[in-house]
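> Model the following, please.
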Amino acid sequence: MLLIKTAALGDVLRTTPLLRTLPDHLGPCQITWVTDSGALPLLNGLAEIDRALATTDPALPFLLDAETFDLAICLDKEPSACALLARANSRDKRGFTLAPHGAVIPANRSADYLWRLGLDDDEKFHRNERSYPELMHHAIGVPYGGERYILSVSEAAKENARDRLDACGLVAGERVVVGFQTGAGGVFANKAWTVTGVKEAIIATASDLGATPVLLGGPREAAQNRMLAEDTSHLGTIDAGADHDLETFAAIVGSMDIVVTGDTLAMHLGIAQGRYVVAIFGPTCAREIDLFGHGRKIVTALDCSPCYRRTCDISPSCMEKIEAAEVVTAIQDGIAGRTDDASSTPKDHDTGKRA
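Next up, the predicted model:
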C-alpha cells in the first residue's frame, strides 16, 4: 500500500491513526509512506511502516514506475503530491489526485466532502463537526473508531531532552511542569497567543498553582523566550532552548505534564504523547482537532474566527480576546486531574465560541 502525506509536520502526525485502521480494515499491509524529508523523523521507529521515503529521494520516480500497489492514497491537496498518486501504479486510488489538465480532484467519491471543505468556507468554518482524523477516514472509505496518533520517540532523543532540561535546572518530579509553546507557524495571522497573555499565565502558573513553567519553541521564538525567561526568572521559569532537532523537541514536549499552545506542532506532539494539552484557537478550526479526552480547547470569542487569513488588521485580534485567566483555569483543571486520579483523564471540552 502507498500512503502519500507530506505538508505540515502536524498534519503528518494526525494522519498516523491510519496505520492502525488500514490493517484492521484491509488485513495485513505492507505500507510505504511518502513524505517530505523534514517529516521523516516523525515516522522513525514506527513498526507499522515498512518503508518511509522522502519526496526528494531521487529513486522515488523509478520506484513508482516499477512497483504496483493494491491501494494508493494521497491526503494532500498539493499538485506535487497529487501528481505522485496520479503516477502510481494502482487500480485503487483514494484521496486526491491530479487531473490531466493539472487540477487537483478527488480520486474517489468518498473524498468529495474533504475536497469541498477546501473550497467552501461556510462548510469548513461553521457546519463541519468532524475532526480531521474522522474526515480523513471518511475520505478513503475506512471506518474510524477514535484511534489516536502514533509516535515513537527514540531513547537517544529522550536522553538528549533529559540532558537539556537537567542543564536548565529542571528537577524531575519535584513539581508539575507546564510547557508554554510561545510561537506558531507564520502562514496564518495571529495563530500564536500574545506574549502578554503568555507572561500573565506564566506568573499565575508559578505563583498561584505552584507549577514550573517551561518555555518551548524553535528559532523563531528564541529571542522572545529569552525575554520571557528573564522577566519571570524569579518564578523559576525555564527556557528549554530553541535549537533542538525534531526528535529532541518531541521528547522535550513529552517531558511536560501540561502543554499550553496554539494550533502548532507542539500541540500535535503533546496529543501524540498523551500530555494534557491546553490548545488555544484563533484563526484555525478547533473542531478539526481531537484531544482524545485529555485536554481543553480554548476558542476565541471573536465572530470572524476561524478565518485562515494570512494578514489581519482587526484590533483587538482573535488571540488578544483570549484571557490569561481562562488559560490558567484550564491549566489548574489539568493539574487537578493529575492530582485527584492519576489513572483517569480529564474530559476534553471547549470554552468560548464554537469554531
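> which residues in the stretch 51-200 of the chain form strands?
Applying DSSP state E, counting those that start in this stretch to the stretch 51-200 of the chain gives strands spanning 51-54, 72-74, 93-98, 104-106, 177-181.
> other SSEs contacting the third one?
Same thing as strand 93-98. The contact analysis (3 or more CB pairs under 8 Å, 6 or more residues apart in numbering; DSSP states H and E) places strand 93-98 against strand 72-74, helix 79-87, strand 104-106, helix 132-140. For every residue, glycine as well, the C-beta is placed using N, CA and C.
> Mean confidence (pLDDT) on it, please.
The average pLDDT within strand 93-98 is 98.
> now do stretch 306-317
For stretch 306-317, the per-residue pLDDT averages 92.
> From the chain's centroid, how far away is that stretch?
Relative to its parent chain, stretch 306-317 has a centroid offset of 21 Å by CA atoms, centre = their mean, to the nearest Å.
> can you list contacts of it?
By CB atoms under 8 Å, 6 or more residues apart in numbering, the residues outside stretch 306-317 that reach it are 125, 187-190, 281-286, 302, 304, 318, 355.
> For the residues you listed, which PyMOL command selects only the ones that are buried?
Listed next is the PyMOL selection for buried residues among those, using 16 or more other CB atoms under 10 Å:
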select buried, resi 125+188+189+190+281+282+283+284+285+286+302+318+355
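> Could you single out the nearest of the contacts of stretch 306-317 to R87?
V187 (27.6 Å; CB to CB).
> Could I get the contacting residues of that closest one?
Shown in contact with V187 (CB under 8 Å, 6+ apart): R310.
> From V195, how far off is L84?
40 Å (CB to CB, to the nearest Å).
> and what of T212?
Distance of T212 to V195, computed by CB to CB: 20 Å.
> what about the nearest residue to N89 once chain neighbours are set aside, how many neighbours?
Nearest residue to N89, sequence neighbours excluded (CB to CB, 6 or more residues apart in numbering): T68, at 4.5 Å. Residues near T68, counting by other CB atoms under 10 Å, number 10.
> Give me the buried stretch members for the biggest helix by length in the chain, please.
Across the chain, the longest stretch assigned as helix under DSSP state H is helix 324-340. Residues 324, 326-335, 337 are the ones in helix 324-340 that count as buried (16+ other CB under 10 Å).
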